[in-house]
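>>> I would like to see how this sequence folds:
(one chain, ligands or ions: 1)
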Amino acid sequence: MEMHAELTPEQVAIKEAVAELCADFPDEYWRERDAKLEYPQEFVDALAEAGWLSVLIPEEYGGGGGTVADASIILEAINRSGGSGVPAHAQMYTMGTVLRHGSEEQKQRLLPRIASNDIRLQAFGVTEPDAGSDTTRIRTFAARDGDEYVVNGSKIWTSRFQHSDYMLLLCRTTRYEDVEKKTDGLSVLLVDLREAGDSIKFRQIRTMTSHETNELFFEDVRVPVSNRIGEEGKGFRYILSGMNVERILVASEVLGDGFWFVDRASAYARERVVFGRPIGMNQGVQFPLAQAYAQLHAASLVRWQAAALFDSGKQPGFEANSAKLLASQATWAAANAAMDTFGGYGVAEEFDIERKFREARLPLIAPVNNNLILAYIGHQVLGMPKSY
Ligand SMILES: Cc1cc2nc3c(=O)[nH]c(=O)nc-3n(C[C@H](O)[C@H](O)[C@H](O)COP(=O)(O)OP(=O)(O)OC[C@H]3O[C@@H](n4cnc5c(N)ncnc54)[C@H](O)[C@@H]3O)c2cc1C
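Below is the predicted model:
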């Protein structure tokens with residue numbers, strides 16, 4: 001019944017192929033990973049082998065040469081199937097920093113091996129315990145020692161660290177106190193985690209969703225200068241340029257969840273009979289689902305606009321951030337409407353609503369908190385004074 005007006009026939013084919021792959025990973029598979037807080041390795045392998053994780057790598061480096069819109073379709077389809085793109089999504093876009101700002105030597109060295117799934121670039125270390133959303137306050141420091149940097153410090157919430165061969169690390173090469181502009185003096189290093197070995201210690205953080213994330217401690221980690229991306233001290237700009245893609249792709253998987261809630265809840269509301277009629281006949285049940293569905297479509301259009309702008313070479317900061325804001329809110333509305341529709345069964349693990357409900361809370365907080373998006377729109381777009 002649903003319209004595909006915004007998708008080309010090729011994109012409809014991508015959506016259907018991903019949905020077919022996901023059919024091999026049914027609800028029970030995700031329920032079990034969730035219960036055991038296990039990483040869905042088989043699913044991530046299947047996605048990589050089918051080439052879906054390298055869609056954004058240009059063909060000349062062995063990737064699919066697709067657009068951000070194509071990648072959005074893939075992630076939305078995964079989450080709409082009841083699964084989760086989160087364990088794999090960074091493999092799609094983290095390489096964008098290397099692609100856009102790395103040297104030709106670095107691209108030749110890394111991208112074909114990421115595309116062929118020989119190496120995984122799944123980890124992205126920005127957030128620190130004492131800096132939080134205020135990224136320029138990070139303190140992890142890379143001191144130059146000949147042809148190497150020696151890194152000391154800590155990171156928190158570094159996801160997929162245990163399932164990655166390399167990590168993109170944002171660190172200071174000039175201290176906050178010594179720069180004129182607080183966004184200066186930050187650099188991006190590509191850390192080979194196998195070489196780093198025990199010089200990076202980690203502690204896994206148990207969370208309410210099956211989201212492998214860690215606190216990291218760096219003790220004299222040696223990184224060759226040849227693994228620095230772009231110029232020293234300009235790393236903040238490089239990281240920011242990748243964030244618009246991250247926002248668009250996160251919005252897409254979040255929308256997949258939102259549509260999943262509406263799909264499941266409307267099906268249940270058509271079938272569940274109480275007081276002699278389907279509960280979906282009651283407007284108290286029907287309207288919140290209809291409302292959430294309309295909100296999801298509105299957020300989806302902003303997401304398509306952001307993707308189209310990015311794919312045409314622009315940096316759509318407002319659109320990408322708005323897509324993540326609106327998608328997370330629409331999906332949270334859908335999650336609550338589904339919870340209400342299922343009544344008591346909503347909290348029973350075997351119906352999967354409670355698992356997805358927990359997952360649907362996170363996008364309001366991460367990868368960027370919605371407050372910070374509103375602050376960005378408030379001061380960058382509307383010209384009001386900054387709160388920080
Ligand atoms: C499961 C998970 C996975 C993650 N994965 C990664 C990862 O792989 N790599 C990585 O680098 N990071 C990761 N993060 C970190 C994530 O990006 C941060 O949690 C997020 O940016 C918010 O930072 P914080 O938790 O330190 O909150 P804080 O910055 O401490 O903020 C706390 C609250 O105060 C609000 N607040 C603070 N300042 C303002 C202000 N000026 N105006 C209005 N409100 C304000 C915030 O919006 C928030 O509600 C992950 C986080 C989670 C939970």
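>>> Can you classify Gln108 as helix, strand or coil?
Classification of Gln108 into helix, strand or coil gives helix, according to DSSP: H, G, I helix; E, B strand; the rest coil.
>>> Around Gln291, count how many other residues there are.
Number of residues near Gln291 (other Cβ atoms under 10 Å) recorded here: 14. Bear in mind the C-beta positions are built from the backbone N, C-alpha and C, glycine included.
>>> My guess is it contacts Ala334. True?
No. Between Gln291 and Ala334 no contact is recorded; they are 9.1 Å apart, counting by Cβ atoms under 8 Å.
>>> what stretches of the stretch 1-150 of the chain score poorly on pLDDT?
Low-confidence segments of the stretch 1-150 of the chain, defined by pLDDT under 70, span residues 1-5.
>>> repeat that for 50
By pLDDT under 50, the low-scoring segments of the stretch 1-150 of the chain are 1, 3.
>>> quick one: the closest residue to the ligand within it from Ile156, how far?
The ligand sits closest to Gly132 of the stretch 1-150 of the chain, with a gap of 2.7 Å, by Cβ to the nearest ligand atom. Per Cβ to Cβ, to the nearest Å, Gly132 is found 9 Å from Ile156.
>>> More neighbours: which of those two?
Neighbours around Gly132 and Ile156, counted as other Cβ under 10 Å, are more numerous at Ile156. The numbers are 18 against 14.
>>> Return the residues of the protein in contact with the ligand.
Within the chain, the positions near the ligand by Cβ under 6 Å from any ligand atom are 124-127, 132-133, 157-159, 207, 211, 213, 362, 365-369, 371-372, 375, 387-388.
>>> can you rerun that using 8 Å?
With Cβ under 8 Å from any ligand atom as the criterion, the chain meets the ligand at residues 90, 123-127, 129, 131-134, 155-160, 170, 205, 207, 209, 211, 213, 362, 365-372, 374-375, 387-388.
>>> Quick check on those residues: which are buried?
In these, burial by neighbour count holds for 90, 123-127, 131, 155-160, 170, 209, 211, 213, 362, 367-368, 370, 372, 375, counting by 16 or more other Cβ atoms under 10 Å.
>>> Among the residues of the chain next to the ligand, which lie within strands?
Filtering these for membership in strands, criterion DSSP state E, returns 123-125, 155-159, 170, 205, 213.
>>> Among the residues you listed, which pair sits farthest apart?
The two members of those with the most space between them (Cβ to Cβ) are Leu170 and Ile205, at 19.2 Å.
>>> Can you give me the neighbour number for the residue lying closest to Ala17 once chain neighbours are set aside?
Here the nearest residue to Ala17 in space, its sequence neighbours aside, is Ala50; by Cβ to Cβ, 6 or more residues apart in numbering that works out to 7.7 Å. Ala50 has 14 neighbouring residues, counting by other Cβ under 10 Å.
>>> Pretty sure Ala50 sits against Leu21.
Yes. Judged on Cβ under 8 Å, Ala50 makes contact with Leu21 at a distance of 5.9 Å.
>>> Let me know how buried Ala292 is, in neighbour terms.
Around Ala292 sit 25 other residues, with neighbours defined as other Cβ under 10 Å.
>>> okay, now Ala48: neighbour count?
Applying other Cβ under 10 Å, we find 18 residues neighbouring Ala48.
>>> Name the single longest helix found in this protein.
In terms of residue count, the longest helix belonging to the chain (DSSP state H) is helix 235-271.
>>> Could you tell me the average pLDDT over it, please?
Confidence over helix 235-271 (mean pLDDT, whole number) is 96.
>>> Buried residues of it, list them for me.
Neighbour-count burial for helix 235-271, counted by 16+ other Cβ under 10 Å, picks out 235-236, 238-239, 242-266, 268-269.
>>> do the same with stretch 38-47
Of the residues in stretch 38-47, 39-40, 43-44, 46-47 count as buried by neighbour count, 16+ other Cβ under 10 Å.
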